[in-house]
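> Provided below for reference: sequence and predicted model.
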Amino acid sequence: MSQVLMPKATAVWLIENTALTFNQISDFCGLHPLEVQSIADGEASIGMVGYDPITNGQLTKEEIERCGADPNTKLELAEVNVPRPTTRTKGPRYTPVTRRQDRPDAIAWLVKNFPQLSDGQISKLVGTTKPTINGVRNRTHWNINNIKPRDPVALGLVSRDDLTAAIDKANRAAERAEKRKIKKTKIAEPETPVININSQSAENTETPKPDPEVNSGDGPGETPKEQAPASLKREEQSSVIDDENPFAALGKLLPQGKASEEKESEKEQ
């Protein structure tokens, strides 16, 4: 059961404004029944102003009426949905004088088991300074020979919840730093083109198909020659024949039928 705020002032208000028994008020406020009775008699807490638990959300009217009707029941605190703020001072944690000699041992344990913790986190957990942390880490502390790593939770310097929260935060920071490092290396390295070896080998193995309209050269170093049309070949042959026979030009000028008739007429004469 959570504790009541301002128990004596709340008891004063309940005594003055309700018909609850002393035992019910003492159980609710965490006081002794004789102390509640002395407050009611005016022997204790003289002049104290009562603290209204209904206005401050600690009790309800229905709860007071229920307990007022039955003296054997106990008051129950009302549920508060709004979380209460926790006050915490800034800076390093205060360490009692009797525990300060154990801080180097706690620092050595944290540095050995959780190297991802920063100096600022260790200083807040243990309540020390950064030069002391560096001295323990670099083994330059004046009492380094007598320092033995010990759990700070067992020494009473830090709670388990605070230590776990600091370790989780350090792990997340280390993961983010690693991702940024990988991203920078990917940006710095140029992308290499991907070559498909199978497609290249297939292209190299294919033999070129010969062109039917192109003749291959006579020699291995000659380029293929194009085939000439048949009409051009006939003209070249006729030109060769004309150069050898001088009478061939007359055959071109006179048709063959007329030339034969002239020969027959010459024979008859």
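Received it, and whenever you're ready, just let me know what you need. Numbering: from 1, shown residues only.
> how many neighbours does the closest residue in space to Asn171 that isn't next to it in sequence have?
Sequence neighbours aside, Gln116 is the residue nearest to Asn171 in space, at 6.3 Å (criterion: Cβ to Cβ, 6 or more residues apart in numbering). The way it works is simple: take the backbone N, C-alpha and C, and place the C-beta from them, glycine included. Neighbourhood size, Gln116 [other Cβ atoms under 10 Å]: 15.
> Tell me who's in contact with Gln116.
Neighbouring residues of Gln116 by Cβ atoms under 8 Å, 6 or more residues apart in numbering: 167, 170-171, 173-174.
> Where does pLDDT dip in the stretch 51-200 of the chain?
Along the stretch 51-200 of the chain, the model assigns pLDDT under 70 to residues 80-93, 189-200.
> so where do the helices sit in it?
61-69, 103-113, 119-126, 130-137, 152-155, 160-188, 197-205 (DSSP state H, counting those that start in this stretch).
> Any idea which of the ones you listed gets closest to Leu75?
Of all the helices of the stretch 51-200 of the chain, helix 61-69 sits nearest to Leu75, with 5.3 Å by Cβ to Cβ.
> Would you indicate which residues of that closest one are buried?
Buried residues in helix 61-69, defined by neighbour count with 16 or more other Cβ atoms under 10 Å: 63-64, 67.
> before we move on, the earlier item: and which of the contacts of Gln116 is nearest to Thr73?
Ile167 (46.5 Å).
> Surely the closest one and Pro115 touch.
No. In this structure Ile167 lies outside contact range of Pro115 using Cβ atoms under 8 Å: 11.1 Å.
> Which residue of these two possesses the greater neighbour count?
The neighbour count for Ile167 versus Pro115, taken as other Cβ under 10 Å, is higher for Ile167 (17 against 10).
> which non-adjacent residue is nearest His32?
Among residues not flanking His32 along the chain, Ser26 sits closest, at 6.2 Å (Cβ to Cβ, 6+ apart).
> Now for that neighbour, how many residues are close by?
That count, for Ser26 with other Cβ under 10 Å as the rule, works out to 19.
> Now do the contacts for it.
For Ser26, counting by Cβ under 8 Å, 6+ apart, the contacting residues are 11, 32-33, 35-36.
> and it, that's in a helix?
Yes. Judged by DSSP: H, G, I helix; E, B strand; the rest coil, Ser26 forms part of a helix.
> could you measure it against Asn134, distance?
According to Cβ to Cβ, to the nearest Å, Ser26 stands 55 Å off from Asn134.
> Okay, now stretch 143-160: how far is its last residue from its first?
27 Å (Cα to Cα, to the nearest Å).
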